Each structure stands twice: as structure tokens, then as C-alpha cells.
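K.L.:
Let's see this in three dimensions:
(one chain, ligands or ions: 1)
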Amino acid sequence: MRRPTDTEALQQALSAALGSREPVGSPAQLGLRDGVFTAFDPAALERPTLVGGAALYTPASPAPTAHTVDELLRRAEALGVPQILVPHVRRTDDARALRAAGFVPVAAGAECVVRLTGDVDELLRARVGGARQRALRRSHDSAARDLTWERIRLSELGGAPWARDAFVELHRRRSERHGAGHNPYSAEALDALAGGALADRTEMLVRRRGDSVVQVALTARSHNGRGLYHLTQAIDPDDPAASGDLHATALYGIYLDARRSGLHWVHLGPGEARDKRPLGADLFVPLDHWLRADGLADREEAPRDPGLSRFAAQPVTTVPVPGPARGRLQPRFDTVDLSGNTNPFLGTASLYPHLDTVELADTYLSTISELPGHGSTGALTADHLLFSSGSVDGVMLLLAALASPGESVCVTPPTFPLYAHFARLLRLPLVEVPLRGDDLSELDTERILAADPRVTILCDPNNPVGTRLDPAQVLAVVTGTRGLVVIDEAYVEFSEKPSYARLVAEHDNLIVLRTLSKAWGLAGARCGIALAQPGIIDALRRVQVPFGFTDASQSAVRDRLTNARRVLASIRHIRAERDRMARILAEHPVVERVFPSEANFLLVRLHKHERVMEQLHQAGIVVADVGFLIPGTCRISIGNRRANDALLAALSAAV
Ligand code: PMP
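P.N.:
Numbering: from 1, shown residues only. Here you go, the predicted model:
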């Protein structure tokens, strides 16, 4: 719907609805939400306004070129209209011409798209939860028993005057009910659409109970042939079916049909993500209305780009985010994409992965905000989050993006050895400040701060020990250092103590690394998460190789996050099993000590380390020999009951 001919057809429909030759009406009359305009300039709501770019029906108008803007200015002047509105422009579009002509953006929600990636029931279960998906299916099946559906191509509407009348009547009642200033789907508007360029691609869906029409909708095929725009829907409020969620039920039917005809998406129009997410939408592109009126151009616009972090290493400040990732927020669902040099004949895996992961980032943040110890992560947004190929990839990215030759990396052994490994590979001087205390959970903060490292990497809960660090000491490093602090929380979901994720909003030198590999059971999907302030995320993005997060992984992650109940139950189970194993091992004759653990493994010091390791090897049981980090120890992951008991039996044989 971003072709100029489509725009023209929709403008004609709007003019017809307004009963004029030109698309002129006040924002109030056009039914634009008052709040948006009154907060801006209350008078703007009532002034006669030339609607430019495209009509209000369109979900998103392309940002007009300088030439089109000039044309609009001329028309407004000729018509004596004091105000011009270009509605629903994507925030990702180039709006320079609008800005130069004195237009000002007013936030207008998002265009909301349901991407049909696979089976409809499966994707809805992943996006809206199993209970809602089953309810939609049930009401769809029951509506299908009581009501009939009919599809009428708009170009053939002349043959079905009853459908035209019912459509107009239901829309008239709808706009009366909602107190909307104006009904954009009047008889005149519908006739203009039916006589215009969109008529062949637009269908009216009519649902009847016996002879009476209870529901109507309009959908238009996209010009790239891959998707469907859901333009409008109206329901008879007096029909018994209207007491159910007939709107969502109809959409469910539209998704099923679209999927069956090989379509890839359904566009739900402009709205708010919180309203459209329960309908299955998973792509939200922020939109602005652009308004030109006296006095507005002088308003200061809040900067939308937070700027790069002061920690970005020198070359990172001079390079942009690499090609395809730079345009990651520019939606391509309704374009004809001939840019990827891939083979179009071999199915969806021939396409490059989606780069717009905003929705998945929001899903991750809202899911973890429900976890114990994660309260008030609400200050974090998708701009605070980067998905990487596992969290170890995040370590490599941040060292490359934020540390320069000669700047040191501080690690606190015994800890995860890959931090030091990457620092060495990147030729960054390494400072090792060993953990202290009987449980190896105390930081030597004085030595860390005295070393003045560029990056300090902490692991909490710490691998291979399993203990949590002292939070007061962690905070002392975050607030006391001149450099960055990275906290690797790969195992935090197994701990009862809080995560540091919420502190990211307060400290511009803090990076929290998370992973879907451990508690979430998705090591195979390779999904790590870096949480940091947007300026740091920007720096990491400039270093990251695009397309590492495949569509298959994104879909596995979405599915797991939206069905978290099973994950939480398994975490509880692992904790209980860990505590059982710790009790048994503590009494075991080959064991000298079991370290306290808040992770899903136990660090165990053995009396005869080498002999026991050999025995386990003989018995075909693999545990991590971490004697090279902490003499005489091994790290035992908590498995299922059978695996744990097999380990205990093998240890007993080693006595
Ligand atoms: N951090 C720590 C502390 C780990 O123990 C591990 C896995 N052994 C990782 C990161 C790696 O996680 P991912 O699979 O996300 O790369």
C-alpha cells in the first residue's frame, strides 16, 4: 500500500467521505485521537487541514519527497487551508523534506503486523500463550458453525448491493457508538474505493446469520503479493456473537486463510503494541503524524538518538553499524525485495534472518521482569538490549568495541576462563585479581580499583564455584572504577538473590550479560543477551556481524519466553535436586568439600582427585575437571535424577 497509485485511490475515498474534491477536514473530524494533538496544540485539532501523502485509511504513508511537500504547500495555499497533516509516516523513513518545510512530528503509535511464520496455532501459542490461542480457536470453530462467511471482490460489489448497504450501515453504527467525529467508511467512500485502483485487490468479508449481516471487514492484498492489509471491521453489537471476541475471532480466520494461500503477513493497521500484541502482532513500526501549522516549527524536538557511549573504542566511533543492520528497523514486509542475492525458489530459509528484534527484546524484558529478583527492570527498553550468538560472543564483542590496545582487562580467578582467553586474543593486557574467602566469593575491591582496568569482568553466580559475589563489593567496583564493569549472569535464574539487570538504567559503565543457554534450555539456539545503556549497545552493534541470530533461533526463543511456566517449574526442580545432591555428596567418603551453590552445578573438592576422575571416566560419566582452576576439584552439573544417581553410584564404586 505504499505505491503512489494506492495512495491516490485512498485519497479519493477520503475526499468522497468528506464530501469534497480535496482531502480537507479537521483532525477532530478525521477521528484522530484528541490526546495526541491537544498535548501538542489544542487549536490544531479543530482547524481545517489538508491531508497529504496518503489518506487516513493507509496504515503508513511513505514520507513525501521534497517535490511532494512543495506540491502540498502550494495546494494548501491555493485552498486557503492553514494546516497540513501527513499522517502515519514510519519513524524509520527519511523525513528530512518534511522537517525542512516546517512540519513537526507527533507520535502516533505503531503500525502492527502479524508475521505468519509457520503454523498459525503454533505461532499464536508462542505469541499470546496457549490459553488465548485455544480460546480463539474455540470461538472461531463455534462462529463457523453458526455463521456463514462470504467474500466479495470490491470490483464486483455492484452485484451485491445488500452487502454494500450492510457494510455502510454497520460502519455508521460503529462510528456513532465510538463517538468518532467522522465515519471514513461511508457509502460514498466505499463506492470511491470500489471504483479505484485498489478494487481488484480488495475484498469485503461478510458474515451472516441467516439473512442478516452481523460482521463486515475489508482486506487488501499487498502489491508484493505476500501479505494482507486488514483495513476495517464492523460488527452488529446486537448480535449474540458480538458478546464474544468476534473481532479477534475474525482475525484468526483471516490468518488461517492467509496462511493457506501462502501469504507471509497480515497488517492490522496503526495502533498501540499493547492492544495488538494479544491479536498475535509481532512487528511494530513506530509512526508519526507530521503536522504543519503556525508556530509549531519553533518547538524543540527531543533528540531521538542517545549518542554513542563515552566508552566506545576509537575505531568504533568512526564506523557505522554495518550495512544490513543499519536498516534493521526499516520494515521490508511490504516491499519487493531484490537486494539479498539469494535464490527465491527454495522456500523461506533462503531469506536472511529478520534483523528487527525489537519485539523479541520487549518479550525478553517483560518475561524477566516477572522473575524473582528482577523487579523494576521496567526502566529498560529494547534499546538497552543486544542479542548475540550466545553470551560468550557478547564478551568478544564488548572487548572489541570498548577496549583499545594497551587498556587492561581485569578478571577474578577462579572464574570462567574464556574472559581471559578473549582478552589475550585481542592483545589486551590481563590483570588477575583472585577471589578471596573460604567460599571464593569475596572481591579484592582495593586491588581491582588500584589496577584501574578498562574492563572488569565478574561472573555472578560464579562459574566454576557456584557462589554469588558480595553485592556491596560488586557495587563498590561499579561506582568506584573509571572503567566498565561486566557482570556475566549466565546462571542467575538459579539463584534466589537479585539480578543486576535493573541497575543498567542507572550506570553507564555497567553491562549485564545473560543467556538462554542455561536455565532456559536453549544452548543450541545460540542466544546471548547484553543489557547496557543504549550508547553501549550502539557500539556493540557496530562490531557485530549481522545475521548471527537466525529466524529458527528467534522463533525458538520467542516460544520459550512466552511459555515460561515450564521453565520456571524446571528451575525449581533443578534447585531441589541440587540441594539433594549437595547433601549426599557432602557425606560421601571421596568428597572433601562441597562448595555452596546458587547455580545448576556443584563444585566438589575430592580427596583423591586424579583417581576419582579416572574412575568416572571409566564409568562413562563426564564431569568438568576444574583442577586447573581450583586444585583437587571437579564441577558437576545437576542432571536428571537418573544421571545424578549414576554419578553417585560411580563415585561409590571409586571408594
Ligand atoms: N558465561 C558463563 C559463566 C558460562 O559458564 C557459560 C557456559 N559455560 C557461558 C557464559 C556461555 O554461554 P553461551 O552459551 O550463552 O555462550
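K.L.:
Pull out the CA atoms of the strand or helix carrying residue 173 and give them to me as CSV.
P.N.:
Assigned by DSSP states H and E, residue 173 falls within helix 161-178. C-alpha atoms of helix 161-178 as CSV (Å, rounded to 0.1, in the frame of the first residue of the first chain):
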residue,chain,number,x,y,z
PRO,A,161,-26.0,-4.2,-3.2
TRP,A,162,-27.2,-5.9,0.1
ALA,A,163,-23.5,-6.3,1.2
ARG,A,164,-22.7,-2.7,0.3
ASP,A,165,-25.7,-1.5,2.4
ALA,A,166,-24.9,-3.7,5.3
PHE,A,167,-21.2,-2.6,5.3
VAL,A,168,-22.3,1.1,5.3
GLU,A,169,-24.9,0.6,8.0
LEU,A,170,-22.6,-1.4,10.4
HIS,A,171,-19.9,1.2,10.0
ARG,A,172,-22.3,4.1,10.6
ARG,A,173,-23.4,2.4,13.8
ARG,A,174,-19.8,1.7,14.8
SER,A,175,-18.8,5.4,14.4
GLU,A,176,-21.9,6.5,16.3
ARG,A,177,-21.1,4.1,19.1
HIS,A,178,-17.5,5.3,19.3
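K.L.:
how about the helices in the stretch 251-400 of the chain?
P.N.:
In the stretch 251-400 of the chain, the helices defined using DSSP state H, counting those that start in this stretch lie at 273-276, 314-318, 323-326, 358-368, 391-402.
K.L.:
Go through the helix holding residue 173 and flag the buried ones.
P.N.:
When neighbours are counted by 16 or more other C-beta atoms under 10 Å, the buried residues of helix 161-178 are found to be 163, 164, 166, 167, 168, 170, 171, 173, 174, 175. Every residue, glycine included, has its C-beta placed from N, CA and C.
K.L.:
Same check on stretch 646-655?
P.N.:
In stretch 646-655, counting by 16+ other C-beta under 10 Å, buried: 647, 650, 651, 654.
K.L.:
again with stretch 561-569
P.N.:
So stretch 561-569, judged by 16+ other C-beta under 10 Å, has buried residues 561, 562, 564, 567.
K.L.:
now stretch 321-337
P.N.:
321, 325, 328, 331, 332, 333, 334.
K.L.:
now do stretch 374-386
P.N.:
374, 377, 380, 382, 384, 385, 386.
K.L.:
how far is that stretch from where the chain is centred?
P.N.:
12 Å (C-alpha atoms, centre = their mean, to the nearest Å).
K.L.:
does the ligand sit close to that stretch?
P.N.:
No. For stretch 374-386, no contact with the ligand is found by C-beta under 6 Å from any ligand atom; the gap never falls below 13.0 Å.
K.L.:
mean confidence score for that stretch?
P.N.:
Computed over stretch 374-386, the mean pLDDT rounds to 89.
K.L.:
Correct me if wrong, but residue 457 is in a strand.
P.N.:
Yes. Assessed with DSSP: H, G, I helix; E, B strand; the rest coil, residue 457 lies in a strand.
K.L.:
Count the residues that sit near it.
P.N.:
If you count neighbours by other C-beta atoms under 10 Å, residue 457 ends up with 26.
K.L.:
Let me see the contact set for it.
P.N.:
Residues counted as contacts of residue 457 (C-beta atoms under 8 Å, 6 or more residues apart in numbering) are 395, 409, 410, 411, 412, 415, 419, 486, 488.
K.L.:
Name the weakest-confidence residue in the buried residues of stretch 561-569, if you would.
P.N.:
The minimum pLDDT among these falls on residue 562, with 85.
K.L.:
check contacts around the closest residue to it other than its chain neighbours.
P.N.:
Residue nearest to residue 562 in three dimensions, not counting chain neighbours: residue 126, with 5.2 Å by C-beta to C-beta, 6 or more residues apart in numbering. Residue 126 sits next to 555, 558, 559, 562, 563 when contact means C-beta under 8 Å, 6+ apart.
K.L.:
One more: residue 594?
P.N.:
Taking C-beta under 8 Å, 6+ apart, one finds 582, 585, 586, 602, 603, 604 in contact with residue 594.
K.L.:
So of the contacts of residue 457, which two are at opposite extremes in space?
P.N.:
395 and 412 (14.3 Å; C-beta to C-beta).
K.L.:
re earlier: which of the buried residues of stretch 321-337 sit farthest apart?
P.N.:
Most distant of those, by C-beta to C-beta, are 321 and 334, 23.2 Å apart.
K.L.:
related to what we said a few turns ago, quick check: next helix or strand after the helix holding residue 173?
P.N.:
Taking DSSP H and E, what comes next after helix 161-178 is helix 187-194.
K.L.:
What residues sit buried inside that following helix?
P.N.:
Here helix 187-194 shows 187, 189, 190, 191, 192, 193, 194 as buried, counting by 16+ other C-beta under 10 Å.
K.L.:
For my notes, please list those in JSON lines and give pLDDT for each entry.
P.N.:
Output for the buried residues of helix 187-194, formatted as JSON lines (pLDDT from 0 to 100):
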{"residue": "187", "pLDDT": "95"}
{"residue": "189", "pLDDT": "94"}
{"residue": "190", "pLDDT": "96"}
{"residue": "191", "pLDDT": "96"}
{"residue": "192", "pLDDT": "95"}
{"residue": "193", "pLDDT": "94"}
{"residue": "194", "pLDDT": "96"}
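K.L.:
For the ligand, state which of these is nearest.
P.N.:
residue 193 (51.4 Å; C-beta to the nearest ligand atom).
K.L.:
tell me the contacts of that closest one?
P.N.:
Shown in contact with residue 193 (C-beta under 8 Å, 6+ apart): 9, 10, 13, 154, 199, 202, 218.
K.L.:
Looking at these, which are in strands?
P.N.:
202, 218 (DSSP state E).
K.L.:
The ligand next: which of the buried residues of stretch 646-655 are close?
P.N.:
Of those, not one also sits near the ligand (C-beta under 6 Å from any ligand atom).
K.L.:
Take those residues and write them to a markdown table, including pLDDT.
P.N.:
What follows is those, written out as a markdown table (pLDDT from 0 to 100):
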| residue | pLDDT |
| --- | --- |
| 647 | 97 |
| 650 | 95 |
| 651 | 94 |
| 654 | 75 |
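K.L.:
tally of neighbours for the closest residue to residue 164 other than its chain neighbours?
P.N.:
Distances taken as C-beta to C-beta, 6+ apart put residue 157 closest to residue 164, at 5.5 Å, once the chain neighbours are dropped. By the criterion of other C-beta under 10 Å, residue 157 has 21 neighbours.
K.L.:
when you give positions from now on, start the count at 40
P.N.:
With the count now opening at 40, the last piece we talked about shows up as residue 196.
K.L.:
and residue 196, how far is that from the ligand?
P.N.:
In this view, residue 196 and the ligand are 56 Å apart by C-beta to the nearest ligand atom, to the nearest Å.
K.L.:
before we move on, what SS does that residue have?
P.N.:
Per three-state DSSP, residue 196 ends up helix.
K.L.:
for it, what are its contacts?
P.N.:
202, 203, 229, 233, 243.
K.L.:
Check residue 230 too.
P.N.:
Neighbouring residues of residue 230 by C-beta under 8 Å, 6+ apart: 55, 203.
K.L.:
mind checking how far it is from residue 658?
P.N.:
Distance, residue 230 to residue 658, using C-beta to C-beta, to the nearest Å: 81 Å.
K.L.:
Just the ones of the buried residues of stretch 360-376 in strands?
P.N.:
Going by DSSP E, the strands hold none of the buried residues of stretch 360-376.
K.L.:
I'd like to know which of these is nearest to the ligand.
P.N.:
Closest to the ligand, out of all of these and judged by C-beta to the nearest ligand atom, is residue 364, at 20.2 Å.
K.L.:
Please verify my assumption that that closest one contacts residue 588.
P.N.:
No. Using C-beta atoms under 8 Å, residue 364 is not in contact with residue 588, being 10.7 Å away.
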